[in-house]
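Fold the following, please.
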Amino acid sequence: MSRIITLNVKDFKRVREVHIEAHPHVNTIGGRNAQGKTSVLDAIAVALGGKKLMPKEPIRAGSDKSEITVKLDDLVVTRVTTAKTDRLVVTNAEGDQKRGPQDLLDSLWGSRTIDPAEFIRMTSRQQVDTIKRVLGLDFSEQDEKRKGLYDERTLINRTVKTLDGQLAGMVKHDDAPEAEVSVRDIAAALQKTREHNQRLEDFTRDRDRLSTNVKGSKEQIASLEDSLKDVRAMLDSDKADLAAQDERIANFKLMATSGLQEQLDNAEGLNQQVRGNARRAETAQELDGSRKQSAELTEAIDEIDEAKKMVLADADFPVEGLTFDETGLRVNDVPFEQASGAEKWRLSVAMGLAMHPGISVLLVREGEKLDEDSRKLLADMAVEQDAQLWIEDCRAADGEATVVIEDGQVKD
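The predicted structure is shown next:
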């Protein structure tokens, strides 16, 4: 892969004029804030990455154009920007101009830049999105479908939880009949029984009256001998009526009302138990249906996840043992945030190089945030991976920095 041999920047952002003979592996750009360190890294990004990385005001105040020239192992990249134009020229070592210069650079350096240190500080979601871009993976359709299924299952599971709670709170009446008893039928039977008994009471009362009449008639016979014939006739008549009444009474039996009254008193409570059992059965059936629906949705989600795993299994990850799932990156089946510092840096550098397939140049901004161990590890990896780092560091003193920028120029 190609690296930067020399860098020339003129009138770009805060840079007046800078010439740097690059180190093959680690180039530290030091200096105080607002002196042009960041402008040097931005110049590299703009020269190789194109207009999409161009800052809002690329030309230094007081100048009419900016010029950036990056000499690589086998190419020379020159970008000249004015207020109205942006001209890119790429030539080979012999000076032959290349056609489609930005397309050529994109194929070598990629369309994005990545800061290994910044990659470590990304959120899990951002890291996964970056990995997907590098590998050319697009799970948007599957993720959208999965989210729909997941949201639907969440709603179903809430229903399952609600119905489960309702079912647990419902009492099952084992002694209750399967169907409700008819309060109307019981009441009608009770009324009929009462009417029957009332008739018996009426018959008895009539008998008592007739019995009194017989007694009175006998007394009249004894006292009214002159009216004996009429009284005897009345007596015979009353005797016949009495006999008929006795027959009626004999054919009627007093019916007990206590059982029907008890049924009537208990009917509503019994029916409440029947209705409670019916509601419980409906709830149990609805719960079974919801659980089945939730299981089907889980199976559909698992199928999507399994399909994604198969795609990831065939993907050419930049680091062995790297994969990702919905929770984020995993290195050797350990969450990225729990990986060792060395593993994190190794992955981040590999990611940066994967995004720059033909030009092994990585830009590290805010290098002052790196501790000594991380800085040494990063430098060692640059040598190990044969990569070239450009590190911005406002802490670097003259003796520690490859180049110190002061007032937009290389400090002598």
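
quick one: residue 46 is in a strand?
No: Residue 46 sits outside any strand when classified using DSSP: H, G, I helix; E, B strand; the rest coil, being helix.

Hmm, residue 79 and it touching each other?
Yes: counting by C-beta atoms under 8 Å, residue 46 sits close enough to residue 79 to count as a contact (6.6 Å). Glycine gets a C-beta too; all of them are placed from N, C-alpha and C.

can you list residues touching both of the two?
Common contact partners of residue 46 and residue 79 (C-beta atoms under 8 Å, 6 or more residues apart in numbering): residue 68.

for this structure, longest helix please?
Here the longest helix in the chain is taken by residue count, with DSSP state H as the criterion, and it is helix 258-314.

Give me the helices and strands touching that helix, please.
Using 3 or more C-beta pairs under 8 Å, 6 or more residues apart in numbering; DSSP states H and E as the contact test, the elements touching helix 258-314 are helix 140-168, helix 183-223, strand 322-325.

nearest spatial neighbour of residue 53, skipping sequence neighbours?
Spatially, and ignoring its direct neighbours in sequence, residue 53 is nearest to residue 45 (4.8 Å; C-beta to C-beta, 6 or more residues apart in numbering).

count of residues packed around residue 214?
Residue 214 has 16 neighbours, counted by other C-beta atoms under 10 Å.

how close does it sit to residue 246?
As for residue 214, its distance to residue 246 is 12 Å (criterion: C-beta to C-beta, to the nearest Å).

Tell me if I'm right that residue 369 and residue 118 touch.
No: with contact defined as C-beta under 8 Å, residue 369 and residue 118 do not form a contacting pair (9.8 Å).

Tell me which of the two has more neighbours.
In terms of neighbours (other C-beta under 10 Å), residue 118 is the more surrounded of residue 369 and residue 118; the figures are 17 against 14.

So that one is in contact with residue 363, correct?
No: taking contact to mean C-beta under 8 Å, the distance of 9.4 Å between residue 118 and residue 363 leaves them out of contact.

right, and residue 8 touches residue 76 too?
No: look at residue 8 against residue 76 with C-beta under 8 Å: they stay out of range, at 10.3 Å.

okay, and the common contacts of the two?
Taking C-beta under 8 Å, 6+ apart as the contact rule, residue 8 and residue 76 both touch 69, 70.

Give the burial count for residue 5, as a bare number.
One way to gauge burial is a neighbour count; for residue 5, by other C-beta under 10 Å, it gives 16.

Next, it: secondary structure please.
Per three-state DSSP, the secondary structure class of residue 5 is strand.

Provide a list of residues in contact with it.
Taking C-beta under 8 Å, 6+ apart as the definition of contact, the neighbours of residue 5 are 21, 22, 71, 72, 73.

for residue 24, same thing?
Under the criterion of C-beta under 8 Å, 6+ apart, the neighbours of residue 24 are 3, 388.

hmm, try it at 6 Å
Contacts of residue 24 were listed using C-beta atoms under 6 Å, 6 or more residues apart in numbering, and none were found.

Look up how far residue 404 lies from it.
Look at residue 24 and residue 404: by C-beta to C-beta, they are 20 Å apart.

hang on, the earlier thing: most neighbours per residue, which of the helices and strands packed on helix 258-314?
Each of the helices and strands packed on helix 258-314 was assessed for mean neighbour count using mean count of other C-beta atoms under 10 Å. The highest is strand 322-325, with a mean of 18.

which residues sit against that one?
128, 131, 312, 330, 331.

Let's verify residue 348: helix, strand, or coil?
Residue 348 is classified as helix under three-state DSSP.

a helix runs through residue 176, doesn't it?
No: applying three-state DSSP, one finds residue 176 to be coil, outside a helix.

Tell me how many other residues crowd it.
As a burial measure, the neighbour count of residue 176 was computed by other C-beta under 10 Å and equals 19.

Show the contacting residues for it.
273, 274, 277 are the contacts of residue 176 under C-beta under 6 Å, 6+ apart.

make it 7 Å
Taking C-beta atoms under 7 Å, 6 or more residues apart in numbering as the criterion, residue 176 is in contact with 270, 273, 274, 277.

coming back round to it: quick one: mean pLDDT over the longest helix of the chain.
Averaged across helix 258-314, pLDDT comes to 88.

next one: that helix to chain centre, how far?
Its chain's C-alpha centre and that of helix 258-314 lie 24 Å apart, by C-alpha atoms, centre = their mean, to the nearest Å.

mind starting the numbering at 5 from now?
Understood, numbering begins at 5; the last thing we discussed is helix 262-318.

quick one: it to helix 187-227, angle?
Helix 262-318 and helix 187-227 are oriented at 180 degrees to each other (axes from the mean of the first three to the mean of the last three C-alpha atoms, to 10 degrees).

is it true that the residue nearest to residue 57 touches residue 365?
No: the criterion here is C-beta atoms under 7 Å, and residue 49 misses it with residue 365 at 9.6 Å.

More neighbours: the two, which one.
For the pair residue 49 and residue 365, the greater number of neighbours falls to residue 365 (25 against 21), based on other C-beta under 10 Å.

Quickly note the distance from that one to residue 52.
7 Å.

ditto for residue 177
The span separating residue 177 from residue 52 equals 80 Å under the rule C-beta to C-beta.

Overlap in contacts, residue 49 and residue 365.
Taking C-beta under 7 Å, 6+ apart as the contact definition, residue 49 and residue 365 share no neighbouring residue.

what's the nearest residue to residue 47 if we skip its chain neighbours?
With sequence-adjacent residues excluded and distances taken as C-beta to C-beta, 6+ apart, residue 47 is closest to residue 13, at 4.4 Å.

Look at the one you found and give its secondary structure.
Under the three-state scheme (three-state DSSP), the conformation of residue 13 reads as strand.

Of all the residues in stretch 56-72, which ones are buried?
Residues of stretch 56-72 classed as buried by neighbour count (16 or more other C-beta atoms under 10 Å): 58, 62, 63, 64, 69, 70, 71, 72.
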